[in-house]
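1. mind looking at a prediction? Sequence and model below.
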Amino acid sequence: MMQAILECKNLTKKFGRKTALDDVSLQLKSGKIYGLLGENGSGKTTWMKLIAGLSKPEKGEIFYEGHPLCAKDKESIAYMATENFFYSYMKIKDVEKYYTDFFAGFDRAAFWNLIGKTGLDGEMKVRELSSGMNAKLRIAATLARKAKLTLLDEPLNGVDFKAREQIVEMILRQADESRTIVMSTHLIEEIESYVEEAIFIKGGKLADVVNLERERMTTGRSLTELYMQLM
Ligand SMILES: Nc1ncnc2c1ncn2[C@@H]1O[C@H](COP(=O)(O)OP(=O)(O)OP(=O)(O)O)[C@@H](O)[C@H]1O
């Protein structure tokens, strides 16, 4: 049996009277690519932020590599937020320096290699980037952390078709048996060919976790069909 890199048990997160995440329990296996799927407001970002240690649950537990999630684990868990998180006055080369200083194990060569593939260059300023260009920068910076667990919140959002292909290529090139990737997206059809497991969240509750290869072999259902049934 493959080792779980992460397990969450009965995770519940509330914002005032709103229960954003309701008793969610699941395991992530090492080396897999997961799609985190659900309608707007279903709790995907809330779940990612809990796993990244950026917010605390009202109830439940998170285990990372078998121990309760602690501050040190942030070194090997990379979270990419859906919106720009760089200072607008920074140049791309400043982003690299900031990440190098901030994250032990940040792979500068990998960063510049990824940036090179996107058509961006070190002298460009964050404020001058389009939203798609900013997405590429966020992906390059996040993937170059070489984290064991990478959480990408809507990495394909607002990005044109060719750039989405580039981003997916970057993600797949980084994926291996020692790295687990979770990405949320609404582009269900597009991720079908490379996502291995799909986590479905509906109204803050876990609806299902499905191994897509097994699903295709046993029921013949595509990811889109599954989504339509479960959501
Ligand atoms: N800081 C907050 N304060 C109050 N409510 C919040 C906050 N963050 C999220 N929520 C609520 O929690 C629920 C889950 O939100 P979340 O952002 O996790 O959804 P999501 O699945 O990521 O949505 P989307 O696909 O639109 O990005 C929503 O009802 C949202 O309104």
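-> That came through, no problem. Numbering: from 1, shown residues only.

2. buried residues, the least confident helix or strand in the chain by mean pLDDT. List them.
-> The helix or strand of the chain with the poorest confidence is helix 161-174; it has a mean of 87 (mean pLDDT, DSSP states H and E). Neighbour-count burial for helix 161-174 flags Ala163, Arg164, Gln166, Ile167, Val168, Met170, Ile171, Gln174 (criterion: 16 or more other Cβ atoms under 10 Å). In short, each C-beta sits where N, CA and C put it, glycine included.

3. nearest residue to the last one in space, please, no chain neighbours.
-> Spatial nearest neighbour of Gln174, chain neighbours left out: Leu143 (4.8 Å); criterion: Cβ to Cβ, 6 or more residues apart in numbering.

4. quick check: phi and psi at that neighbour.
-> Main-chain dihedrals, Leu143, degrees, to the nearest 10: phi -70, psi -30.

5. same check on the one 10 residues further on?
-> Note on Asp153: backbone dihedrals following degrees, to the nearest 10 are phi -90, psi 110.

6. which residues does it contact?
-> Residues near Asp153 by Cβ atoms under 8 Å, 6 or more residues apart in numbering: Lys44, Thr45, Met48, Tyr79, Met80, Ala81, Thr82, Met183, Ser184.

7. mind redoing it with 10 Å?
-> Counting by Cβ atoms under 10 Å, 6 or more residues apart in numbering, Asp153 touches 36, 44-45, 47-49, 52, 79-83, 138, 182-185.

8. kindly report the same for Ile51.
-> Contacts were defined as Cβ under 10 Å, 6+ apart; by that measure Ile51 touches 6, 8, 11, 28, 62, 64, 69, 73, 77, 79, 149, 151, 182.

9. quick one: pLDDT of the last one?
-> If I follow you right, that is Val182. As predicted, Val182 sits at a pLDDT of 97.

10. got the phi and psi for the residue lying closest to it once chain neighbours are set aside?
-> In this structure, Val182 finds its nearest non-sequential neighbour in Tyr34, 4.4 Å apart by Cβ to Cβ, 6+ apart. Torsion angles at Tyr34 (phi, psi; degrees, to the nearest 10) stand at phi -110, psi 140.

11. returning to that earlier point: now do the residue nearest to Gln174 against the ligand, distance only.
-> Remark: distance between Leu143 and the ligand (Cβ to the nearest ligand atom, to the nearest Å) = 21 Å.

12. cool, and Thr19?
-> Distance of Thr19 to the ligand, given as Cβ to the nearest ligand atom: 8 Å.

13. same check, this time on Asn40
-> Distance of Asn40 to the ligand, computed by Cβ to the nearest ligand atom: 3 Å.

14. I'd guessed that residue sits against Ser184; true?
-> No: Asn40 is beyond contact range of Ser184, at 11.0 Å (criterion: Cβ atoms under 10 Å).

15. now do the helices in the protein.
-> Assigned by DSSP state H, the helices in the chain fall at 44-51, 92-102, 108-118, 131-143, 161-174, 188-191, 212-218, 223-230.

16. returning to what we had before: out of the contacts of Ile51, grab the one that's most surrounded.
-> The most crowded member of those, judged by other Cβ atoms under 10 Å, is Leu151 (27 neighbours).

17. got a list of what it touches?
-> Counting by Cβ under 10 Å, 6+ apart, Leu151 makes contact with 6, 28, 34, 36, 44-45, 47-49, 51-52, 77-81, 142, 180-184.

18. are any of the contacts of Asp153 buried, and if so which?
-> Buried residues within the contacts of Asp153, counting neighbours by 16+ other Cβ under 10 Å: 36, 44-45, 47-49, 52, 79-82, 138, 182-185.

19. so among those, where is pLDDT lowest?
-> The minimum pLDDT among the buried ones among the contacts of Asp153 falls on Thr82, with 89.
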